[in-house]
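# Only the shape, not the letters, is given here:
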């Protein structure tokens, strides 16, 4: 019988208010957006530039498009914060409460503790992502109907195919978020302050996004963990553009492996002083 | 820490990118004065730059690299550097009439620009570094785009020393480019492409105005200072300027202008071009459309000269195109030069490559194209054809005076805009266009080439200028004009009614486009277009379109996407990571077998030579050895900072010892050692999840052990905690003492065989402390053991069976408490007269020691009342009798009364 069973850690995290709030917000956000669309009846001006801004105009054309819009607006920041929360808080909060040393004295081997925490954080992040998309799809379909996935970049995509693309987008988002997951987890292991780990990961992520805007950096930008974060938009064109997604996935997997590797290396060797 | 690491990484990357990389070539600027002009005696100074590869083996082949209209030698620096890097000597120069070069613009005239280039060939042939075919004949290829491409063709047609050329986005005939006529067999000059013409003329005039002050400083040079001062002409030669002014005014070329344009057009010299020719043309080019390259290709190939054609998604409107297209055309150029100039590499295939827009890159919002190839260049008629029908009755359209307002089809000069590809800018004005639309196509049509359609036009004035366009209309009504390309048609001798009009075949500009299933094809005939000069007088035309539209099709073989390699890399990385994780797990499993000392397997705790030094050099524990046997309650006693907590931390596997070890039931303690499950601990205060109740916390803790709930003995633990109903309140609302009791209860969950408690009475009130003593004493009875650390002497004395005194990281005493304290405790007696009292007690055979105004008396078994009675009897006043602890004596003697802890050492 191994210590710290997955179920125990799942319950441990489930009991936390931040978990409940984060998941609850994933349900709430699509509904808020939906209500906002109901209020904003008037046709306002084009918010300017880019073929993708029209995703906003298309958001009410069907459940799939509504889901797509919800993902678009939340992928830049909300999902980053939620993932950073699940990964950055998990070890650091135990350290700040002082319960980490009791877990280790149970004894939960350090590698096992990290593995379980990692898997559970992964599970909750994935749940959050799927909850967001699922709620949006359900609410959007109930309100706007089951229609082909509209896109100004290409011909509209039949609903069945569109659903598959949506799944592809979700999968890509999940992979891309591994980067921030890795960073937050490493910070979580390195510090006793949960806020520092979550905030630090989000800050570094924003820094990376800002650097990515500076074209003078040239080829360096390809190495930034956020560089390919929008590559999933390639799935909206016909045929799909997956080259950038492949590079983005590669980048995310490498960053996650690096950060998680460092986290394990450090945590299995350090003195737990909290 | 990790954040800092990331920052350092970013900084390193930035530095790496910012540092100049060493170049593989050298470049030298030189002003060359060459003799040119019709007579070959007119000197002109050309601003040149000569690139030489550093690492060259003998003589190297050369490339003459020409720039586009309005550019200078700097415009092609990137290409020049790449070619130099590949081992070519590259000569770039600013064409006459531009930049720092002298002379006037003659539009690639054979007598001027082309002759200049011939003199540069002479110069190359004289360079010792350049390989030659014969004396005065350098091994040279000519590369250039647009104006430079025209020069490459004209030079190859005029000078047989040229070994290969790679002209791109250039013209065949300037007249057909600037006066396009898409209707077949009319014999009428086309419609003046006024915007493009004006852009070129204007840009060069403005350029001269800006450039003129600088050259004026070097007034003695025969360079740009000699440029014409005519504000109407800028740096254009007088004849070119005059021709432009005339054409732009009348909208049609006269004989002299026609001759001038023809002289500057490769069309006339194609049969003389013997140099293998690579023609690269853009599909998004309203200036020099694909038909120009097609005419060049046919003309050159007719004499048996090798010709290869490639199209890309770009051009004068579309810019350089997507990266994949740039890579492809660059690779084609290099392959061409390598074989025909350098003489290395296999002969390039004559296959035709092209690309089609596949979507957008999500990252840079640029276009993504797919590359295709076909075995041979099919021309503009495609390898197949599809006919579709458009319907619509004859419609009347108004031609506005002076073409204003006019429809927009493209944005000349903006360059590289997505919009022209999306057709977003294309807009027809109401009343000025007739629409003919097909039914939705039943399957996708891969159009590549020039579609054609028959139109009938009637005009009361007998003549008409119309623009025929072909839109791809999506199911949602979005109409896209491929490349912004339109077919201008000027017709004369028209009847007044459309019934009498003869059908005229209009060949639309060649496009590459996939018309998806469900889309419709819309043919629009418009009367105005802002890019063209239309009649000044208003008119009304009636237009009809024959139902059949012919679409040339081409189904090419997709070119393998080089990006595919990333998929394999991704797959490889993922597999490698999985393997690494599996290996790491296996290695960790193997290593986990803990060291055992079997003869100690029944001893709860043995600490041997424990030492802990921190990285900063501070030694918290120097050397600590002790044992805890079954049934013992051992007190670990010492002042603050003596190393007690550090020792306990090592026992919990939280801190790695620097030396020595601790054995629990014979098993060596390492972080996570399984034997720790036989140990319950309270170290450095409680640690609870604040949002859970005390009970839930214990439950959560026990769940984490993975052991069955029955083993936990919750009831006993809760009884020890003694929290009553508060056990169901959240721990964040607990007092210090409640938390402490809950923590002790948690440590006792499952009744571990060794209980380790760090300052257990911290925060407890006296009754609770008394209760705790009883609990601990009782706990150790069933063969279990307790290790208690404390800095309170009384506590250890009253609770423990054994004590270990630590100071400054070392053990100063250890053993049973009685041994340390002594069997009979001494008492301190406050007396009125010390000397009298000493005398009075002398008879009782006691050890008596005066201390201030009191006596320290070792009662040695004598009852205290007897001692007091003796004193009173002797008339000595006794004001108090207090027990005097030996442990405290021992402790102070051992530790010294220095109040500073070892942490202050």
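Sure, I can see it. What you are looking at is a predicted structure, and each value in this text was computed from that prediction instead of being measured.

# what residues are up against residue B:462?
Going by Cβ atoms under 8 Å, 6 or more residues apart in numbering or on different chains, residue B:462 touches B:492, B:493, B:494. Where C-beta positions appear, they are placed from N, C-alpha and C, glycine not excepted.

# Which residue is the nearest non-sequential neighbour of the residue of the stretch 551-700 of chain B found nearest chain A?
Proximity of the stretch 551-700 of chain B to chain A (Cβ to the nearest Cβ) peaks at residue B:687, 2.7 Å away. Of all residues not flanking residue B:687 in the chain, residue A:98 sits nearest, at 2.7 Å (Cβ to Cβ, 6 or more residues apart in numbering or on different chains).

# What residues does that neighbour make contact with?
A:274, B:684, B:685, B:686, B:687, B:688.

# Give me the pLDDT for residue 41.
Here I'm looking at chain A. We have a pLDDT of 53 for residue A:41.

# oops, I was thinking of chain B
Note on residue B:41: pLDDT of 89.

# likewise the one 3 residues further on?
Reading off the confidence values, residue B:44 has pLDDT 93.

# where's it relative to residue B:118, distance?
13 Å (Cβ to Cβ, to the nearest Å).

# Neighbour count for the two, which is higher?
Ranked by neighbour count (other Cβ atoms under 10 Å in any protein chain shown), residue B:44 and residue B:118 place residue B:44 first, with 24 against 19.

# just checking, that one touches residue B:36?
Yes. Counting by Cβ atoms under 8 Å, residue B:44 touches residue B:36, with 5.5 Å between them.

# Which neighbours do the two have in common?
In contact with both residue B:44 and residue B:36: B:96, B:103, B:112, B:116, using Cβ under 8 Å, 6+ apart.

# just the contacts of residue B:462 now: which is nearest chain A?
Nearest to chain A among those, with distances taken as Cβ to the nearest Cβ, is residue B:494, at 39.3 Å.

# helix/strand/coil for that closest one?
Under DSSP: H, G, I helix; E, B strand; the rest coil, residue B:494 falls in the coil class.

# if I read this right, it contacts residue B:458, doesn't it?
Yes. At 5.7 Å, residue B:494 and residue B:458 qualify as touching, with contact defined as Cβ under 8 Å.

# which residues does the nearest residue to residue B:670 once chain neighbours are set aside contact?
Distances taken as Cβ to Cβ, 6+ apart put residue B:653 closest to residue B:670, at 6.3 Å, once the chain neighbours are dropped. Counting by Cβ under 8 Å, 6+ apart, residue B:653 touches A:104, A:105, A:107, B:669, B:670, B:671, B:672, B:673, B:676.

# Tell me which stretches of the stretch 401-550 of chain B form strands.
B:433-438, B:445-449, B:452-459, B:464-473, B:479-481, B:487-491, B:504-507, B:511-515, B:520-526, B:539-553 (DSSP state E, counting those that start in this stretch).

# One more: chain A?
Under the criterion DSSP state E, chain A contains no strands.

# Quote the end-to-end distance of stretch B:784-801.
In stretch B:784-801, first residue to last residue: 13 Å (Cα to Cα, to the nearest Å).

# Give me the below-cutoff pLDDT ranges for chain A.
The model of chain A has pLDDT under 70 over residues A:1, A:40-56, A:151-155, A:238, A:274.

# Just give me the residue closest to the centre of it.
residue A:79 (4.0 Å; Cα atoms, centre = their mean).

# so what's that one closest to, chain neighbours aside?
residue A:177 (6.2 Å).

# quick one: the strands in the stretch 101-250 of chain B?
B:132-134, B:137-138, B:140-145, B:162-168.

# neighbours around residue B:74, how many?
Residues contacting residue B:74 under the criterion other Cβ under 10 Å number 14.

# Kindly report the same for residue A:240.
16.

# can I assume it is in contact with residue A:233?
No. Using Cβ under 8 Å, residue A:240 is not in contact with residue A:233, being 10.3 Å away.

# The longest helix seen in chain B packs against which elements?
Ranked by residue count and defined by DSSP state H, the top helix of chain B is helix B:564-591. With contacts defined as 3 or more Cβ pairs under 8 Å, 6 or more residues apart in numbering or on different chains; DSSP states H and E, helix B:564-591 has these neighbours: helix A:243-267.

# So which elements touch the helix it packs on?
On a contact count with 3+ Cβ pairs under 8 Å, 6+ apart, helix A:243-267 meets helix A:110-144, helix A:159-190, helix B:2-18, helix B:564-591.
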